[in-house]
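> Return atomic coordinates for the entry below.
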Amino acid sequence: MQRKWMSVIMGLAAASLLPVGAVAQQPLPAVNLGLTSFLDGGPPAGPGLYFQEYIQYYSAGRFRDQHGNKTPLLGSVESTASVNQLIYQSDQPILFGGKWGMDVIVPVVTVGVTPGPVPVLTANSGLGDILIGPFIQWDPIMGPNGPIFMHRIELENLVPSGSYDNDRVLNAGSNFYSFNPYWAGTAFILPGWTATYRLHYLWNAKNDDPNTTFFPGADDTQAGQAMHINFASEYEVLPKQLRLGVNGYYLKQFTNSEVDGNTIVGSREQVVGLGPGVLYSFSQNDHLFFNAYFETQAENRPEGIRMIGRWTHHF
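The predicted structure is shown next:
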């Protein structure tokens, strides 16, 4: 193992739904960093079948070590992802009035790298890991002037089905299972003004075929546990049509990653993303989102710019 890199500990996560490989650690898998934003606490048109298409672009020209300092040796990374989501929301209550539903996500990822003075970055594009998540959606809590709060709980499962090559540092698939449940809610603060959150917990199983560049001879690696949250607030500028606001995310890994059961000290990831957002509604059944994020406070991962366009359609 290349021990001189153990003090650098660079995890790569070039896109929210792009699990990319590690530099001297097993990085966290692809998770939802900023894909969801405004009015996430409930579906826009009630029960039924929904399709969402996300197009995400991410670019990072700098990497940060475990202390948040720049590490210019690795080069840069750029990725695009097409994330295809199918959601079914039933009208059948099963728990305290909550109605069951099912969520399936299939990402397709393209990764590009520009190697730095230490030319270790290699990439593998293709199908990303499929997400399957049963959920319970509660009807909005109503007040005298309309809804006050709506929320949902989902048990997300990241299935190791994506393209993976242990000779590549960056991969479209993670090659390990992850459990990533969340609780999402939207509060209606004033007429036309809302605040939204989506809080996740992340647990990762072992990767039994780790990257050979940084773990030659290792039997397995395991990414640490983490919490991450998306948050947003927006105001309705044009009734039932245009909303403008701000959005962000925060990821914090709270246990170290491991190699063959041994802790990698200083391997915890962190990042914050903040930026503006727009939601345009063509009708109750069709909505277009655009959200931009500028990252800061990164540790053990790249720090860059993320842009996401999303179309939501209710059949």
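
> Only C-alpha atoms from now on, for both contacts and neighbour counts.
Fine.

> Output the below-cut-off pLDDT ranges for this structure.
1-24, 73, 118 (pLDDT under 70).

> Now do stretch 276-287: everything it contacts.
Contacts with stretch 276-287, where a contact means C-alpha atoms under 8 Å, 6 or more residues apart in numbering, come from 38, 44-45, 240-247, 288-293, 311-315.

> one more time with 6 Å, if that's ok
For stretch 276-287, the external contacting residues (C-alpha atoms under 6 Å, 6 or more residues apart in numbering) are 45, 241-247, 288-292, 311-314.

> same thing with stretch 210-222?
So stretch 210-222 is contacted by 1, 24, 26, 166-167, 206-208, 257-260 (C-alpha under 6 Å, 6+ apart).

> Next: stretch 92-112.
77-91, 125-128, 130-138.

> My guess is R268 contacts K252. True?
No - applying C-alpha atoms under 6 Å as the test, R268 and K252 come out as separate, 7.6 Å apart.

> where exactly do the helices run in the chain?
Counting by DSSP state H, the chain forms no helices at all.

> Q241 versus F290, what's the distance?
Using C-alpha to C-alpha, to the nearest Å, one gets 14 Å for the distance from F290 to Q241.

> buried set for stretch 280-292?
By 16 or more other C-alpha atoms under 10 Å, the buried positions in stretch 280-292 come out as 280-281, 286-292.

> Would you pull up how far the longest strand along the chain lies from the middle of the chain?
For the chain, the strand that runs over the most residues, judged by DSSP state E, is strand 75-95. A distance of 10 Å separates the centroid of the chain from that of strand 75-95, by C-alpha atoms, centre = their mean, to the nearest Å.

> how about the CA coordinates for that strand, as CSV?
This file holds the C-alpha atoms of strand 75-95, laid out as CSV (Å, rounded to 0.1, in the frame of the first residue of the first chain):
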residue,chain,number,x,y,z
GLY,A,75,-5.1,17.0,-11.3
SER,A,76,-8.8,17.7,-11.9
VAL,A,77,-12.1,15.8,-12.5
GLU,A,78,-15.2,16.5,-14.5
SER,A,79,-18.4,14.5,-14.8
THR,A,80,-21.9,14.5,-16.3
ALA,A,81,-24.7,12.2,-15.1
SER,A,82,-28.1,11.4,-16.5
VAL,A,83,-30.2,10.2,-13.5
ASN,A,84,-33.5,8.6,-14.4
GLN,A,85,-36.1,8.2,-11.6
LEU,A,86,-39.5,6.5,-11.5
ILE,A,87,-41.8,7.1,-8.5
TYR,A,88,-45.1,5.5,-7.6
GLN,A,89,-47.1,7.2,-4.9
SER,A,90,-50.2,5.1,-3.8
ASP,A,91,-53.4,6.4,-2.3
GLN,A,92,-53.5,3.6,0.2
PRO,A,93,-52.7,4.5,3.9
ILE,A,94,-50.7,2.0,5.9
LEU,A,95,-49.1,3.7,8.9
